[in-house]
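>>> just coords:
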């Protein structure tokens, strides 16, 4: 019911009018906020996302003790374009590897090492990109301590002791290297009965080698000639004159 001098306004029309005013206010607020967002985008434009790709310079490999890997270059791209970087290398499991000034990894003792490789760039936070590789530092050579390639035995059950020396390519001796002895032939002529010990069984020739997981010595021949006083073959020496001594079970 309206007041004096005013015509009554129907209740339904009044509600629609109020809702219309609220809708108009909401539209004005939305337009205002949208305008502010556009201004903000102009003042502070969004930086597009950068997709980095790092190609590791090292995969699982074997390196002879005393040798080095190829230089560890750094290949990093940002959205497909090359960017400058330097590789950070850390030994995380196993023996520590040395990093030379030429950025080569060098092993100074045998064993396995797991390394982490990360690209470093002063303009990008890319040190969270990590690649790993396993490096096996191995023995490159096995040398016989005694000269020659063959030994002669002239007494049944006489024993000869063989010694080998693991060395680097430059000839530096390596310690703590497990060595396995292998008989290639002549199983009925001579036999192994310990680390590097061989004893005669019958006339003939037997061949032995020393090995590691990555290296093998040259073959060593054992010539068994049980006829006492017989001359040994050219280039061989009598085992009795060496450091072996005799062994009788």
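Happy to help now that I have it. Since we're looking at a predicted model, the values are computed, not measured. Numbering: from 1, shown residues only.

>>> use CA for all of it now, contacts and neighbours both
Fine.

>>> residue 169 against residue 142, yeah?
No - taking contacts as Cα atoms under 8 Å, residue 169 lies outside contact range of residue 142: 9.9 Å.

>>> the more surrounded of the two?
residue 142 (25 against 15; other Cα atoms under 10 Å).

>>> buried ones in stretch 208-218, by neighbour count?
208-212, 215-217 (16 or more other Cα atoms under 10 Å).

>>> from these, which is closest to residue 119?
Lowest distance from residue 119 to those (Cα to Cα) belongs to residue 215, with 34.7 Å.

>>> I'd say the closest one and residue 142 touch.
Yes - because the distance of 6.8 Å satisfies Cα under 8 Å, residue 215 is recorded as touching residue 142.

>>> what about the nearest residue to residue 55 once chain neighbours are set aside, how many neighbours?
Excluding its sequence neighbours, the residue lying closest to residue 55 (Cα to Cα, 6 or more residues apart in numbering) is residue 75, at 5.5 Å. Neighbourhood size, residue 75 [other Cα under 10 Å]: 17.

>>> in this structure, where is pLDDT below threshold?
Applying pLDDT under 70 to the chain flags residues 1-48, 227-249.

>>> could you dump the buried residues of stretch 208-218 to a markdown table with distance to residue 88 and secondary structure?
A markdown table is the format used below for those (distance: Cα to Cα, whole Å; DSSP: H, G, I helix; E, B strand; the rest coil):
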| residue | distance to residue 88 | secondary structure |
| --- | --- | --- |
| 208 | 45 | strand |
| 209 | 42 | strand |
| 210 | 39 | strand |
| 211 | 36 | strand |
| 212 | 32 | coil |
| 215 | 31 | coil |
| 216 | 35 | strand |
| 217 | 38 | coil |
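
>>> that older thread, show me the contacts for the residue nearest to residue 55.
Residues in contact with residue 75 (Cα atoms under 8 Å, 6 or more residues apart in numbering) are 54-57, 82-85.

>>> what separation do you get for residue 207 and residue 178?
Taking Cα to Cα, to the nearest Å as the measure, residue 207 falls 20 Å from residue 178.

>>> between those two, who's got more neighbours?
The neighbour comparison of residue 207 against residue 178 (other Cα under 10 Å) goes to residue 207, with 20 against 9.

>>> tell me what the helix or strand where residue 132 lies is packed against?
In this structure, residue 132 sits in strand 131-138 according to DSSP states H and E. Here strand 131-138 touches strand 61-64, strand 111-120, going by 3 or more Cα pairs under 8 Å, 6 or more residues apart in numbering; DSSP states H and E.

>>> and the residue nearest the centre of the chain, bridged to which residues?
The residue lying closest to the centre of the chain (Cα atoms, centre = their mean) is residue 134, at 1.5 Å. For residue 134, the beta-bridge partners under DSSP bridges are residue 114.

>>> that one and residue 60 touch, don't they?
Yes - using Cα under 8 Å, residue 134 is in contact with residue 60, at 4.6 Å.
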